[in-house]
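*Asks:* Okay, here's the prediction I keep looking at, along with the sequence it came from:
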Amino acid sequence: MSDVRTVIHDHDGGLDDILSLLLLTRYGNVALRGVTVTPADCLLAPALSVTRKVLAMTGLPHVPVAAGELQGRNPFPLEWRIDALRMDALPVLNRPGPLGGEPVDLPAHRQLAAWLLAAEAPVTVLATGPMTNLAWCLDRHPEVEPKIAEVVFMGGALDVPGNVDQPGHDGSAEWNIYWDPDAAQRVFDSGVPVTMFPLDITDLVPIIGEFACAFGEHYGNPVSDLAGTLLAMTFGTLETTGMPYCGWDSLTTSYLAVPDMFEFETARCRVVTTGPSQGRTVRDPAGRPVKCARTVDPDHFYKHCLATLT
């Protein structure tokens, strides 16, 4: 089918990244070519295990999974990264049966380059973590540019405060960019089409109790049980960090299935790569044009997730 997208999912193992992967496995218009896992908002080994178990559960055991080894400049807090350990122990992911997700020998950045170079038609890269692997590909293999139809990226904060609260930082950056600001700017410096979902729009879809608990009506279906459990595991974020847990990655992923749910603007922007504002995404008339999501109906998003995952 001509309207089917070939997608590579480059994620970093957080709760919402796995919810995004779960959504991808349900979309009829997505052909999942492979998954790369960046060791950013996760502990790598359990995040890889969770990824493979989700692919097995959803009938996609053939999809290859590559382990990331490149590191960013600013590590995520350990207390966030251990969510991967909790996910890996969930009963719904540990039913009898083999793991899915064919492991590959190449590290994620090299495997991503190999997949892109071998692509017969341009591929969509869904980046719900930092863009470190993609930046490496563009640096070392600039010939991959025409192989990329679109980079769909969760990251940035244009007209709202960031979500980084670290010593010496001014709080203006979003974490996926802050982890590796140079990588984000490298992708912005390229000619690949970028569609960005910044905090400006993802902040509109907090994970609310009514949404998470609605999955209980479908208890007994492994996919909906996992989705509801992942959402329940986000509770307490506001109380411990002062910031709500939002559907950052899952909202970004939903664009692949229902693009008309969003309104967009073209924003010229760049990334601050040094100093107390490093990782900040700023509007700049001399910056590169980015297709930036601006508005969404939260109820539409919640209903889309429920319909897709139940």
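*Replies:* Structure's in. What do you need?

*Asks:* Could you pull out the buried residues of whatever helix or strand residue 301 lives in?
*Replies:* Using DSSP states H and E, residue 301 maps to helix 298-309. Along helix 298-309, the positions that meet the burial threshold by neighbour count (16 or more other C-beta atoms under 10 Å) are 301-302, 304-306, 308-309. C-betas here are computed from N, CA, C, even on glycine.

*Asks:* what residue of the protein is the furthest out?
*Replies:* Within the chain, the residue lying farthest from the chain centre (C-alpha atoms, centre = their mean) is residue 96, at 28.2 Å.

*Asks:* three-state assignment of that residue?
*Replies:* What DSSP: H, G, I helix; E, B strand; the rest coil gives for residue 96 is coil.

*Asks:* Give me the phi and psi for it.
*Replies:* phi -60, psi 140 (degrees, to the nearest 10).

*Asks:* sorry, back to before: between the buried residues of helix 298-309, which is closest to residue 281?
*Replies:* Among the buried residues of helix 298-309, residue 301 lies closest to residue 281 (C-beta to C-beta), at 22.2 Å.

*Asks:* Quick check: the gap between the residue farthest from the centre of the chain and residue 230.
*Replies:* Using C-beta to C-beta, to the nearest Å, one gets 22 Å for the distance from residue 96 to residue 230.

*Asks:* show me what contacts residue 104?
*Replies:* When the contact criterion is C-beta atoms under 8 Å, 6 or more residues apart in numbering, the partners of residue 104 are 34, 64-66, 111.

*Asks:* one more time with 6 Å, if that's ok
*Replies:* Applying C-beta atoms under 6 Å, 6 or more residues apart in numbering, one finds that residue 104 lies in contact with 64, 66, 111.

*Asks:* What are the boundaries of the strands in the stretch 51-200 of the chain?
*Replies:* Residue ranges of the strands in the stretch 51-200 of the chain, as given by DSSP state E, counting those that start in this stretch, are 64-67, 102-103, 123-127, 148-154, 194-197.

*Asks:* Just list what the third one packs against, helices and strands only.
*Replies:* Counting contacts by 3 or more C-beta pairs under 6 Å, 6 or more residues apart in numbering; DSSP states H and E, the secondary-structure elements packed against strand 123-127 are strand 5-11, strand 148-154.

*Asks:* Tell me the strands beside the first one, with direction?
*Replies:* Yep, that's strand 5-11 we're talking about. Next to strand 5-11 in the sheet, as set by DSSP bridges, lie strand 30-37 (parallel), strand 123-127 (parallel).

*Asks:* how about a markdown table for these, with mean neighbour count added?
*Replies:* Written out in a markdown table, the entries for those read as follows (neighbours: other C-beta atoms under 10 Å):
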| stretch | mean neighbour count |
| --- | --- |
| strand 30-37 | 23 |
| strand 123-127 | 26 |
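
*Asks:* would JSON lines of the ones you listed with mean pLDDT and distance to residue 261 be doable?
*Replies:* Putting the strands paired with strand 5-11 into JSON lines (pLDDT from 0 to 100; distance: least, C-beta to C-beta, whole Å) gives the following:
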{"stretch": "strand 30-37", "mean pLDDT": "97", "distance to residue 261": "16"}
{"stretch": "strand 123-127", "mean pLDDT": "98", "distance to residue 261": "16"}
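
*Asks:* got TSV for these, with distance to residue 22 too?
*Replies:* Rendered in TSV, the data for the strands paired with strand 5-11 read as follows (distance: least, C-beta to C-beta, whole Å):
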stretch	distance to residue 22
strand 30-37	11
strand 123-127	13
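
*Asks:* Please report phi then psi for the residue at minimal distance from the centre of the chain.
*Replies:* Central residue of the chain (C-alpha atoms, centre = their mean): residue 128, 1.4 Å from the mean position. Main-chain dihedrals, residue 128, degrees, to the nearest 10: phi -100, psi 10.

*Asks:* mind listing what it touches?
*Replies:* For residue 128, counting by C-beta under 6 Å, 6+ apart, the contacting residues are 11, 17, 20, 154, 249.

*Asks:* neighbours of the fourth one, just the number please.
*Replies:* Yep, that's residue 154 we're talking about. For residue 154, the tally of surrounding residues (other C-beta atoms under 10 Å) stands at 31.

*Asks:* Look up how far residue 184 lies from it.
*Replies:* For residue 154, the distance to residue 184 under the criterion C-beta to C-beta works out to 11 Å.

*Asks:* dump the residue contacts of the nearest residue to residue 16 once chain neighbours are set aside.
*Replies:* Take residue 16 and drop its neighbours on the chain: the residue closest to it by C-beta to C-beta, 6 or more residues apart in numbering is residue 249, 4.1 Å away. Residue 249 is in contact with 16-17, 20, 128, 154, counting by C-beta under 6 Å, 6+ apart.

*Asks:* element containing residue 249?
*Replies:* Residue 249 is part of helix 248-254 when elements are defined by DSSP H and E.

*Asks:* May I have that helix exported as PDB, CA atoms only?
*Replies:* What follows is helix 248-254 as a C-alpha-only set of coordinates in PDB (Å, rounded to 0.1, in the frame of the first residue of the first chain):
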ATOM      1  CA  TRP A 248       5.200  13.500  25.400                       C
ATOM      2  CA  ASP A 249       6.200  10.500  23.200                       C
ATOM      3  CA  SER A 250       2.800   8.900  22.700                       C
ATOM      4  CA  LEU A 251       1.300  12.200  21.400                       C
ATOM      5  CA  THR A 252       4.200  12.500  19.000                       C
ATOM      6  CA  THR A 253       3.700   8.900  17.800                       C
ATOM      7  CA  SER A 254       0.000   9.400  17.300                       C
END
